[in-house]
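1. sequence and predicted structure below; questions after.
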Amino acid sequence: MELLPSLLSALKTRDPRSVEQEFNVLRSESLQLKKQLGLTSEVGAQKENIKKNRYKDILPYDQCRVVLSQSTTESSSDYINASFIRGVTGDCRYVACQGPLGPTLVDFWRMIWQLDIKVIVMACREIEMGKKKCECYWASAQRPAAFGPFTISSQGETHMNPDVVVRALTVSFQQETRSVVQYQFVSWPDHDVPYETDGVLDLLRKVRGSQGPHSSPLLVHCSAGCGRTGVICALDYINDLLVSKKITADFSILKVVLDLRMQRPSAVQTKDQYQFIFTAVISMFEQLLQPSPHHLYCNSSELKRPEKTTPITPTSPHSSSTQRPVMNDTYAVVNKPKKSHPPPSGHTPTPAATPTSSSGSRSLPFSHHYDNEPSGASAAPIYSTVKPKLKPHSLPPSATPIYDIAKPSRQSWEGREYHLTPADSPSPAEADHDYEIFSSAGAASSCSPAGIGFNCRVPKPKGPRSPPAQWSRLER
């Protein structure tokens, strides 16, 4: 831990141009080491396996490829485009895999079952930039999915945040059922990097929590299983260095990524992805040097327990003690209004100060009281008296309304048709009109003194009409 400040300072003071130059060195050294170590990809290049590769230039090395042994009637080949990657302790910690194709879905689940995979990290979408990047190998919430002899069922799907979808899956094969958790990071563009590092680091924390003590490898895949997959494996590897305290003074991200590339071709595929690792590691180191409460308490026994509070003791309303009860933040303190003192002798209160109720008794101002008041409190009404507002038709006779006041209309029954006849008996020409008639300049004076241009009377439309006589005749 004492090395972290110096390593962090070296990472922060690094020139971005040197990172670009270092990535070019990474690419050249990868080619040299590949030749020196004699790494080959002959199995993936075989004719029967070519169709199982999503990209013809991304083939697993024969020296560390995953060899399938769990054969089924649908597939007995031992090839899948996936690579074992060592962890800090030297054992198989990760499986870097391409996104499965349609013909390799059964092989994908054969590998999961064979290696007893518990957690899957998917760093891509099914479709990106209009191209298919990965086949859907999981089940929807509505119904299970079958891939050869494997039956996949969904136990629930949640959104950890806008960037991550978590799916709880069960896999059934030969009357045995296992649980698998899939984390899909949906906000990582192909050949690019996320807009921030916190989302990826938080994802890895959740993944490690789901992995727990299981010794099975962590399955990581994107589309090709090299760029985004390599970044995730590199960051988790560096985290293990910190947790196991195996980080040394000669720590180098170049060495970490170079070691990954000797196990999975083109791991950490672009310069931006390489720079993203530097940014994420700086954030990782800062979180360890300036831990939040989440990192301070690693187990429940170290959590700070809340202080005990003194319970509130109810006091008598007639008690002479002036000591207040101990209160804490759990309760709200309500200040009750002070009781009104009786007026001095010879003083007659004004009606405004002592309103009179309808029964003739006088009530004190501020007549509200609470349900925890002593029994001797005033029995005045709990609620205030709210006077209704004046209605429009209650205006004084001197005021002239701006708009007409609606009056009830009379209904007359004439055969099968309703006619709404206004109370003021308009002229026949006006009564027969179904729409609003805009008044002339001279009619404005009958509406309002200001003459704002609205017609005072809007004839209402007629009711339903009888159908024509021709419609009522029976056809013979």
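-> Yep, that arrived.

2. going forward, measure contacts and count neighbours with C-alpha atoms only.
-> Fine.

3. for the stretch 201-350 of the chain, just list every one of the strands.
-> Ranges of strands within the stretch 201-350 of the chain are 218-221, based on DSSP state E, counting those that start in this stretch.

4. any low-confidence regions in it?
-> Within the stretch 201-350 of the chain, the ranges that satisfy pLDDT under 70 run 291-350.

5. which residue ranges form the helices in it?
-> Applying DSSP state H, counting those that start in this stretch to the stretch 201-350 of the chain gives helices spanning 227-243, 253-261, 271-289, 293-296.

6. what are the pairing partners of the strand ranked longest in the chain, and which direction each?
-> In the chain, taking DSSP state E as the definition, the longest strand is strand 150-161. Strands adjacent to strand 150-161 in the sheet, as given by DSSP bridges, are strand 145-147 (antiparallel), strand 164-173 (antiparallel).

7. quick one on the thing from earlier: so which of the helices of the stretch 201-350 of the chain is the most surrounded?
-> Per residue and on average, the most neighbours among those fall to helix 227-243, with a mean of 22 (mean count of other C-alpha atoms under 10 Å).

8. what angle sits between it and helix 253-261?
-> On the basis of axes from the mean of the first three to the mean of the last three C-alpha atoms, to 10 degrees, helix 227-243 is oriented at 120 degrees to helix 253-261.

9. now the angle between helix 271-289 and helix 227-243, please.
-> 20 degrees.

10. who are the packing partners of helix 227-243?
-> strand 92-97, strand 218-221, helix 253-261, helix 271-289 (3 or more C-alpha pairs under 8 Å, 6 or more residues apart in numbering; DSSP states H and E).

11. just give the number of residues close to residue 3.
-> Residues contacting residue 3 under the criterion other C-alpha atoms under 10 Å number 11.

12. which residues does it contact?
-> Residues in contact with residue 3 (C-alpha atoms under 8 Å, 6 or more residues apart in numbering) are 248, 249.

13. can you show me the strands along the stretch 51-200 of the chain?
-> Under DSSP E, counting those that start in this stretch, the stretch 51-200 of the chain gives strands at 82-86, 92-97, 119-122, 127-128, 131-132, 145-147, 150-161, 164-173, 176-185.

14. and those strands: which comes nearest residue 208?
-> Closest approach to residue 208 among the strands of the stretch 51-200 of the chain (C-alpha to C-alpha): strand 119-122, 9.0 Å.

15. packing partners of that closest one?
-> Under the contact rule (3+ C-alpha pairs under 8 Å, 6+ apart), strand 119-122 is packed against strand 176-185, helix 198-211, strand 218-221.

16. show the average pLDDT along it.
-> For strand 119-122, mean pLDDT is 98.

17. parallel or antiparallel, which strands does that strand pair with?
-> Strand pairing (DSSP bridges) places strand 119-122 next to strand 176-185 (parallel), strand 218-221 (parallel).

18. the first one vs helix 198-211, what angle?
-> So the one you mean is strand 176-185. Using the same axes, to 10 degrees: strand 176-185 against helix 198-211 is 170 degrees.

19. quick one: contacts of strand 176-185?
-> With C-alpha under 8 Å, 6+ apart, strand 176-185 has contacts from 117-125, 163-172, 207, 210.

20. which stretches of the stretch 1-150 of the chain have low pLDDT?
-> Short version for the stretch 1-150 of the chain, where the test is pLDDT under 70: 1.

21. show me where it has helices.
-> 4-12, 16-37, 47-50, 105-115.

22. out of the ones you listed, nearest to residue 284?
-> Using C-alpha to C-alpha, the nearest of the helices of the stretch 1-150 of the chain to residue 284 is helix 4-12, at 9.6 Å.

23. got the CA coordinates for that closest one in CSV?
-> Extracted in CSV, the C-alpha atoms of helix 4-12 (Å, rounded to 0.1, in the frame of the first residue of the first chain):
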residue,chain,number,x,y,z
LEU,A,4,0.5,3.5,-4.3
PRO,A,5,1.2,7.2,-3.8
SER,A,6,4.3,7.0,-5.9
LEU,A,7,2.7,4.8,-8.5
LEU,A,8,-0.3,7.1,-8.7
SER,A,9,1.9,10.2,-9.1
ALA,A,10,3.8,8.5,-11.9
LEU,A,11,0.5,7.7,-13.7
LYS,A,12,-0.9,11.2,-13.3
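
24. which neighbouring elements make contact with that helix?
-> So helix 4-12, by 3+ C-alpha pairs under 8 Å, 6+ apart, packs with helix 271-289.

25. which other residues reach the helix it packs on?
-> Contacts of helix 271-289 (C-alpha under 8 Å, 6+ apart): 4-5, 8, 11-12, 19-20, 23, 191-193, 197-198, 201, 227-228, 231, 234-235, 238-239, 253, 268, 295.

26. just the angle between it and helix 16-37, please?
-> 110 degrees.

27. quick one, helix 271-289 and helix 4-12 angle?
-> When the same axes, to 10 degrees is applied, the directions of helix 271-289 and helix 4-12 differ by 150 degrees.

28. so residue 222 makes contact with residue 124?
-> Yes. At 5.0 Å, residue 222 and residue 124 qualify as touching, with contact defined as C-alpha atoms under 8 Å.

29. more neighbours: the two, which one.
-> Using other C-alpha under 10 Å as the criterion, residue 222 and residue 124 rank with residue 222 on top: 27 against 24.

30. show the contacting residues for that one.
-> Taking C-alpha under 8 Å, 6+ apart, one finds 97, 98, 99, 122, 123, 124, 134, 228, 229 in contact with residue 222.
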